[in-house]
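In: everything below, folded, please.
(chains A, B, C and D, ligands or ions: 4)
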Amino acid sequence: MRTLLSKSITATPSGLVQSQLLKRSFVRLGVLPFLLVIALVTFSFLSSSFLTVSNLTNVVRQSVFLAIVSMGQMMVLLTGGFDLSVGTILALTSVATAMAMATLAQIFPDSIFLIITLGCLAGLAVGTIVGVINGLGVAFLNVAPFIMTLGIASTGFGIALSLTGGTPVYGMPMEFGNVFGFGTFLSIPVPIWIAALVVLLTWGIVNMTRYGRALYAVGGNPRAAMLSGIDTRKTQFLVYVVCAFLASIAGVLLTARLDTGEANIGSSMPLESIAACVIAGVSLRGGVGKVGSVALGAVFISLVQNGMNLARIDSYMQTVVIGLILIAAVVADQLRLRYIADLRGS
Amino acid sequence: MRTLLSKSITATPSGLVQSQLLKRSFVRLGVLPFLLVIALVTFSFLSSSFLTVSNLTNVVRQSVFLAIVSMGQMMVLLTGGFDLSVGTILALTSVATAMAMATLAQIFPDSIFLIITLGCLAGLAVGTIVGVINGLGVAFLNVAPFIMTLGIASTGFGIALSLTGGTPVYGMPMEFGNVFGFGTFLSIPVPIWIAALVVLLTWGIVNMTRYGRALYAVGGNPRAAMLSGIDTRKTQFLVYVVCAFLASIAGVLLTARLDTGEANIGSSMPLESIAACVIAGVSLRGGVGKVGSVALGAVFISLVQNGMNLARIDSYMQTVVIGLILIAAVVADQLRLRYIADLRGS
Amino acid sequence: KDWFPYPVNIWEPPFVDDAVISDGEYVPLDKADQQHQLCVSFPHMKDAYWMAVNYGVVEEARRLGVNLQITEAGGYTELNNQISQIEDCVAGGGKALILGAISFDGLNNIIGQLKQKGVPVVDMINGVSSQDIAAKAIVSWRSVGRTLGQYLAEQHPAGSDPVKLAWFPGPAGAGFVEDATSGFKEGIEGSAVELVEVRYGDTGKEVQTRLIEDALQTYPDLDYVAGSAVAAEAGISVLRSNGLTDKVRLMSYYYTPGVDQGIRRGQVLAAPTDSTVIQSRIAVDQAVRILEGKGVTQHVAPQIFIINKDNVDIVDMNAVLAPGDFRPIFTVE
Amino acid sequence: MEFGNLTAAPLLEVEGVSKHYPGVLALDNVSFSLLPGEVHVLFGENGAGKSTLISLISGAIHPTSGMIRMRGEPVHFASVNEARSRGVTTVFQEFSLIPTMTVEENICLGSEAVRRGMIDRRAIRSEVQSVLARLGFDLPPHALVATLSRAEQQMVEIARAFRGDLSVLILDEPTASLTDKEAERLFDLVAHAKAHGVGIIYITHRLREIERLADRITVLREGKNISTVPAHGISEDRLVKLMSGREMGAVFPAVTHRPAEPLFRAEGLTTRSGSVRSASIEVRAGEIVGLAGLVGSGKSELIRAAFGIEPLTAGRVTLNGQEITGARPQKLLDAGLIYLPPDRRAEGLAMMRPCRENLSLPALRQSPYRRGAFIDRRAERRETNRLLTEMELYPMRPDSDVEAFSGGNQQKVMLGRSLTRPFLVYAFDEPTVGVDVGTRAAIYRFIAGLCESGAAVILISSDLPEILHLCNRAYVFAKGQVTAEVPADQLDEPTILKHFFERENAA
Ligand SMILES: Nc1ncnc2c1ncn2[C@@H]1O[C@H](COP(=O)(O)OP(=O)(O)OP(=O)(O)O)[C@@H](O)[C@H]1O
Ligand SMILES: Nc1ncnc2c1ncn2[C@@H]1O[C@H](COP(=O)(O)OP(=O)(O)OP(=O)(O)O)[C@@H](O)[C@H]1O
Ligand SMILES: [Mg+2]
Ligand SMILES: [Mg+2]
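Out: Numbers count the residues shown, from 1 in each chain, chains lettered A, B, ... in the order given. Ligands and ions are numbered 1, 2, ... in the order given. Just a heads-up that it's a prediction; the model follows:
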C-alpha cells in the first residue's frame, strides 16, 4: 500500500510539490510559528516602535510568567487534568515570599543573601504545598481536577487575603527586585534566563524521561497505562506538585518584579495558561501536546497584547481581537491536521 | 483500601443491614440532598434569621439565575463540551435588552407592553446569536469548546463594554422590573416561576426526548454515537444554541432585577455554573448527569453563600469555606460511588 | 466655559504625610507649546467613575493640544498587566505617564525605571507610595471615606439615638476599597453610628444586590446601607422590592450618574465627590507643565465636598461626571 | 447447505469503489455484489479493507471514488442513519456502544420508539426484552455497558442489529469474542433472516464459520478484490492462499509441554463483584493452561483479580512461591506476571499515541530502553522495530497513531508488549480477537515459543479449538467457579462442553 501511495504522490504535477513543501514545514513546525510571523509583520507595520530590540525583549519578559505557568499547566493537561489554582498559587507564593523576607529583614537586617534565599524557599514551599493538596485530592480521593483545583483556588485566595488584609506586603530587600525582577545577565533579563531554563527542563522531562511517557500514557488511556505497570496515581499526584512548583517560581519572579507581595494577582492566569496550551495544540482530553509549541503559545499571546498596545488599539477592541485570534489560531491548527492527513505515510 | 473497606463491611453482618439502608437512599438520591439538609441545620443554628420563609424565598430567588444558566451548562457538559461564554451572554443580553427598551421607550412612550416584549425578544435574540456562533465553531469548525467559548466570551465582553462604556444603561419602563424582577404570582416571585418552568422543560428534553438521548450518547462516545446513526454535529450545534438561549433568559431576568442594563455582570457565571453541575455529579468527560441534581446544586451554592452572609462569616473566610465545601461535596460523591460498587457486589 | 480657576488643596512640602495643607485655586496652562505624547494608565474602564476620569483627561488633552494613549488593565487584579501596558506605551513613544495605580506599592519599580528614563510620572486618583513621582493630583480615598463618615457623624452625634449601618465598599484587596473603608471608620468614630457589617464583594451589580439582600435579612432594623456607588444603585432596587425605601437610607463614597439620579429622586441620601473630572484635568496639566519645565504645583487636589439633595442642582456636574452621551476614548491625536 | 438463488437481481452492488486514507489506499477499485437471501463472506488479512468496505456500505464513511447501488438504483448514504432507514444495519467491529448508557438505552439508541415526541419507555422496554429473548442473550437491561465484559458488549451490539426490519445485514466479526453457545444462537438468527430474503455480509477470520454459513466468499487483499468464489467445496488451504497470496502451514503449531515447577497459583479467589467465587488454579513452568467457559463465567475475572485490577475479598495468589495477593500491576510486572486484556480499545492501547510508544510502555524501566532516569530513544526505536517485524505488522508504520491501524494490527501491537521484556507467567485474554488466520498462526507460534522457552502461559479463550490445540491442561469455568480441571488426555470438545453447562444441568 505504501508503494502505491508514494507513486500517487510522485505522480502529482510540479505545482503541487512546492505547496507540499510549505505544508510539510507547516505540519512539522505547527501553526504557531506562522502566526507569530504574521503577527510580527502586521504589528511592525502598525507601529514603528514595535520591531525594536528593546520592545521585543519587553515582550519576552512580559511573557515569562505566563510561559512558566503554561509549562506546568501543559503537563497537567497531558494527564487529562486541569489546574485552575495556578493563579492562587501565584498569589500565595507572592504573599509568602514577601512576608518571609519582611520578617527575616527584621531579624537579620544585613544578611541580604540569607533573607532572599530563605524568602524564595518559603514562597516556593507554600506554592508547592498547594500542589500537594491538589495532587492528593485528584489522585487519591478521585476528586474531579476541575473542582479540586477550583476549590483550592478559592480557599487559597481567601487565605492570601486574610493574611494580608488585602493590602500589599512590603519590606523586601531592594536587591531581590534588582536581581530577579530587573537584573540582566549578558544583557538579557534574568527572568528570561530562568524561564528559558524552566522550558528546557520541562522539555527534557516530557520528552526524555519515563515520567514524561507516563504523562502521555495516563492521559491517553489510564486503564491501559495502569495495566502496563504505570503507577497512574503517583503520576497524577506528582504532576500537580510539579505544576504548582513551576507556578510558584513564576510567583517569586513576579514578586521580585512588583517589589511587593500581592494577594490580588494572577486571577487571569488559569484561563490564559490553558489558552496558551490549547492554541499550541494541547488536547484537553489528555495525551496530546508539545512543549515547544506551548512556549510559543505563551509568547504569542503576550506578543499580541503588546502589539495591540503599541498599535494603540482601544482596549475594548483589544478584548474583541484577542478573542478572535484565539479562535483563529485553533481553526488554523485544524487545517494543519487536515494537511497531516494528506501527508502521512508518503 | 478497597479490600479493607469491603472486609470491614462483611465483618459486621448486623450493622451491615442498617448501613445498607442508609446507603441505598444515599445511592438513589445522590449526595446533594444530604448536604442541603446539613447546610440548612448548620446555618439555622448559626443565624436565627436564616430559617425564615422570607430568607428562604430570598435564597431561591438569588439562585434563580445560576439555576437557569446551569441547566444550559449541564446540557453542554453532557455532550462533553464546555460553555465559558455564559457570563458574556448574560452581559450582552442585559445590555441589549436595556438599550432596546430605552430606545423603544423614546419612540412609543406609552405602549409599555410592546416595549417590554420587543425589548426581551431583542435581548434573547442577541444572546442566542452568541450561541449560534459557538455552535458553528465547535460543531463545524471543530474548534475545542474551551477555546471557542473563551474566545467568544472575550469578544462579546469587549462588544458589551464598547456599547456601554461600562456604565449602566437606564431608561427601562418601571413595569419591567416590577413584573419580572420583583413581581410575585401566588405570593411566589415571578423569577422563581420562570426558573421552575425552565428546569421542568430541561428535564423533559433531557429525559423524555430523542434529543436528550443524543446528548448523552455524543458525550459518552462521539464515534459510537455517529455509528449509531446520531447526527453528532447537529446535536452539538443545537446544544450551544439552547445553552445560550437559557443563559439569555437568565440575563433578561437579571436585568429586570437590577433595573439597569449592565456589561459588568456574570463574570463568575461560567465557573459557578460548571461547579454547580460538577457537585451535582455531572462528568466533565461527558455523558453523565441528572437535571434534578444540577438544580439542587445551584440552590445549594446560593444557600451556602446566603447562609454564610447571615452567619456573619467575614468575606475572606467565605471564599475559604466555599472552596472547601465544593471539594467536600465531590468527595462525598466519591464515597457514594464506592457504595454503589459494594451494593452491586452484595 | 472654562473649568478653572478651581478650589483645591495644596500640600507643602509635597508627597509627605505630615505636610501642611492649604487652600488655593488651580489655574492650568491655556495651551501646550508642542504636541507631546502622553501615556495614561487606568486600572480598568468598566464603570462610570473611570469614565469621568477618561472624560477629564481627554478634554484637558484636547484643550491643551497634546496626544494621549490611554490603556486599561482590565481590573484591580491585573497589576502585572498594567505594568506591561505602561512599558508598552512608553516603548511606543510616550514622554510622560499619568497613572491611576492598581497597587499602592506594586508599581514603585516601574516608576523608578521611568524616572531613570527621564519619563515623569503624575500620580492621580489612587496614589502610590513611590517618591520617584513628579507630581500628584490626588484626593486620597481615605479622606474621601472620612468625609462621608464625618458627614454622617454630624447627623448622628454621640448621645443621639444610635443607628445601624452596613458598609459595602467593593472588592476585597483593591487599594482604594481598603483606604476608603478605614477612612470611613475614622469618620464615624465616637458618633452614634454603629458599623454592624463590612461586606466585600465584586463591584458587579448582581453581587452587590445579593450582599445587600442578605444584610437586610440579617439586620431587619438596619438604618443605612453605604459603600460603593454600585452598592448604592443596587440598594435602590432592593429597597424598593422590600418596601424599605423610606426606612433604610443609602450613601455612596463616590459619585456616578446612578447615584446622581438617586440623589435627585431622593433615593440616595448623599455622596462625596473628589471632583473626578477636575482631578484628571489637573493631572494632565501637571504632566504638560513638567515636560515644558514650567512651574508646577507638585501635590494638589480638588477639595472634597458632599453632594446631597440641597446642593445637587447648583453643583457643576461637568466637574464631577462625564456627560451622559460620552463614550470612552482611548487615543487623542 | 442451501444456496441464495444466484439468478435473482442483486440487492446491493458496489462498483469500483476506492477509499484513500492518509498514507493508505484502504480500498482500491473494489466491486462487490450481494444477493437477497445469501450470506456473503468477506475474507482477508488484517488491513485488507474489509471493515472499510462495509463502513462505506453502511454510510459511516464515504468513498473517495466509485458508487453503490441498492436494488439497482444508485445510493449515497450520508450517514449511518440514512443507511439504516433503507434497511441496512451493521454490527461494527469496533463497537458503536456508549459506555455511560445502559444496555437498554444502547440497544435502541438513535431509533427510540417515540409517542407524541416523547420517548416511549414501555414500548422500548418490551421491544428490548423481546430482542434479547429471541437471541437468547441473558443481559441485564439496566446494567451500564461500561460494566460489561467485551463479549457481553458484543452481544449488545448484535442485539441492536436485530431490531426492526432489515434488508441488508452486515456483521463485522460478530463472534470474535463469543463462545459457541452464543454463536450458535446468532447462526440460527442469521439463517432465519436469510430465509426471509435478507442479504447478509459476514466478516470473519474463523474458517469454521465460513464453512458453516457462507454461500459466496469475496477475498480482499491489500484493498483489492482478489476474487469472489462460491463457498461449496472450496478448501481452507485454497482460501488461505487466496487471502495471503502464499502457501501456509497448519494454523496450530505442535506444542511440546514440559511441565516443571508451579509458577502461578491462585487459591480460593473471590472477587468483590462476585463474578468469581472461591476459584483455584495452578500453572507450571513450560506449559500452556487454558481457561474456558461461557461468557461471564469469570474466566477473565479470575486473572484480572490476580493482576490486581479487580478487588478481592478472599483468597491468595502466589507467583513463583512469593505471595502477590492484591499487588498492583507495576509490582506484578516486575515480579514476572503480565496480563494482556481482551479489549484493546478500552484497556489496551492509547489510541492517539504512536504505535511505538504503546509498544514499549511496560519495558521503559528495563534495559535496553532505560538510560538512568531517561529513555534511550535510539534503543527504543531499534527494539520496537525488531518486535514489530517479529509480529509481522503490515503495513509497517511504527510512528503513526494506532488509531489508524486495522483491528488486527492493533491487536498485534498490544500483544507485542509481552515481548518487550521477559516474564515468568503470561496471561493472554482472548489473544486472537479479530486477527486473520496468518496472524493467528503467528500468535500461536509465539505463544508456543514462550511455553517451550520454559515460561508458564495462561490462555483465556472463548475459542474452543484454541484451547484444545494449544493447551496442556484446561480449567473450565461456570458461574464464577472452576467446575473442572481437564487433563491433557481428556482434552476434547465434548468433555469441556459438558462442564460448561454442568451447573445448569445440576440445577
Ligand atoms: N481511520 C483511518 N485512518 C487511516 N488509515 C486507516 C483508518 N482506518 C483504516 N485504515 C487503514 O485502512 C486499511 C484497511 O483497514 P480495515 O480496518 O478495513 O482492515 P480490515 O480488513 O477490517 O482488517 P481487520 O481484519 O484487522 O479488521 C488498513 O491498512 C488500515 O490501517
Ligand atoms: N472489563 C470489565 N469491566 C467491568 N466488568 C467486567 C469486565 N469484564 C468482566 N466483567 C464482569 O465480570 C463478569 C465476568 O466476566 P468475565 O470477563 O470474567 O467473563 P468471561 O468468562 O471472561 O467471559 P467474557 O470475558 O467472554 O465475557 C461479567 O459478567 C462482567 O459483568
Ligand atoms: Mg476490520
Ligand atoms: Mg473474558
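In: please, which helix or strand holds residue A:197?
Out: Taking DSSP states H and E as the definition, one finds residue A:197 inside helix A:190-208.
In: give me the contact list for that helix.
Out: Outside helix A:190-208, the residues within contact range by C-beta atoms under 8 Å, 6 or more residues apart in numbering or on different chains are A:57, A:60-61, A:64, A:67-68, A:71, A:74-75, A:78, A:179-181, A:183-185, A:211-212, A:215, A:246, A:249, A:253, A:256-257, A:291-292, A:295, D:374-375, D:377. Using the backbone N, CA and C atoms, a C-beta is placed for each residue, glycine as well.
In: now for the residue in the stretch 151-300 of chain A positioned nearest to ligand 1: which residues touch it?
Out: Nearest residue of the stretch 151-300 of chain A to ligand 1 (C-beta to the nearest ligand atom) works out as residue A:288 at 16.3 Å. Taking C-beta under 8 Å, 6+ apart as the criterion, residue A:288 is in contact with A:78, A:219, A:281, A:282, D:352.
In: looking at those, which are in helices?
Out: A:78, A:219 (DSSP state H).
In: which among the contacts of residue A:288 count as buried?
Out: The neighbour count (16 or more other C-beta atoms under 10 Å in any protein chain shown) marks A:78, A:219, A:281, A:282, D:352 as buried among the contacts of residue A:288.
In: residue D:404 is in contact with the last one, correct?
Out: This means residue D:352. No - the criterion here is C-beta atoms under 8 Å, and residue D:352 misses it with residue D:404 at 10.1 Å.
In: for residue C:99, phi and psi?
Out: Backbone geometry at residue C:99, expressed as degrees, to the nearest 10, gives phi -120, psi 120.
In: circling back: avg pLDDT for the helix holding residue A:197?
Out: When pLDDT is averaged over helix A:190-208, the result is 94.
In: quick one: what helix or strand has residue 69 in it?
Out: Since you didn't name a chain, this refers to chain A. Residue-wise, residue A:69 maps onto helix A:53-78 under DSSP H and E.
In: oops, chain D please
Out: Using DSSP H and E, residue D:69 falls in strand D:65-70.
In: any low-confidence regions in chain A?
Out: A:1-28, A:338-346 (pLDDT under 70).
In: so which residues on it come close to ligand 2?
Out: Proximity of chain A to ligand 2, by C-beta under 6 Å from any ligand atom, involves no residues.
In: same deal with the stretch 151-300 of chain D?
Out: Counting by C-beta under 6 Å from any ligand atom, the stretch 151-300 of chain D sits next to ligand 2 at D:151, D:152, D:177, D:275, D:293, D:295, D:296, D:297, D:298, D:299, D:300.
In: any idea which of these has the most stuff around it?
Out: If you count neighbours using other C-beta atoms under 10 Å in any protein chain shown, the busiest of those is residue D:299, which has 32 neighbours.
In: contact partners for that one?
Out: By C-beta under 8 Å, 6+ apart, the residues touching residue D:299 are D:291, D:292, D:293, D:460, D:475, D:477.
In: briefly note if the helix holding residue A:69 comes near chain B.
Out: No - residues of helix A:53-78 are not located near chain B by C-beta under 8 Å from any C-beta of the partner chain, the shortest gap being 10.3 Å.
In: buried sites along that helix?
Out: Under the neighbour-count criterion of 16+ other C-beta under 10 Å, helix A:53-78 has A:55, A:57-78 buried.
In: for the stretch 51-200 of chain C, what spans make up the strands?
Out: Along the stretch 51-200 of chain C, counting by DSSP state E, counting those that start in this stretch, strands occupy C:67-72, C:96-100, C:121-124, C:135-137, C:163-168, C:193-198.
In: residues near residue A:276, how many?
Out: 29.
In: isn't it right up against residue A:297?
Out: Yes - counting by C-beta under 8 Å, residue A:297 is a contact partner of residue A:276 at 4.0 Å.
In: find residues that contact each of these two.
Out: Applying C-beta under 8 Å, 6+ apart, one finds that residue A:276 and residue A:297 are jointly contacted by residue A:70.
In: for chain A, what is the nearest residue in chain D?
Out: Chain A sits closest to residue D:23 of chain D, with a gap of 1.7 Å, by C-beta to the nearest C-beta.
In: which one of the residues in the stretch 101-250 of chain D is closest to chain B?
Out: Closest point on the stretch 101-250 of chain D to chain B, by C-beta to the nearest C-beta, is residue D:110, at 4.1 Å.
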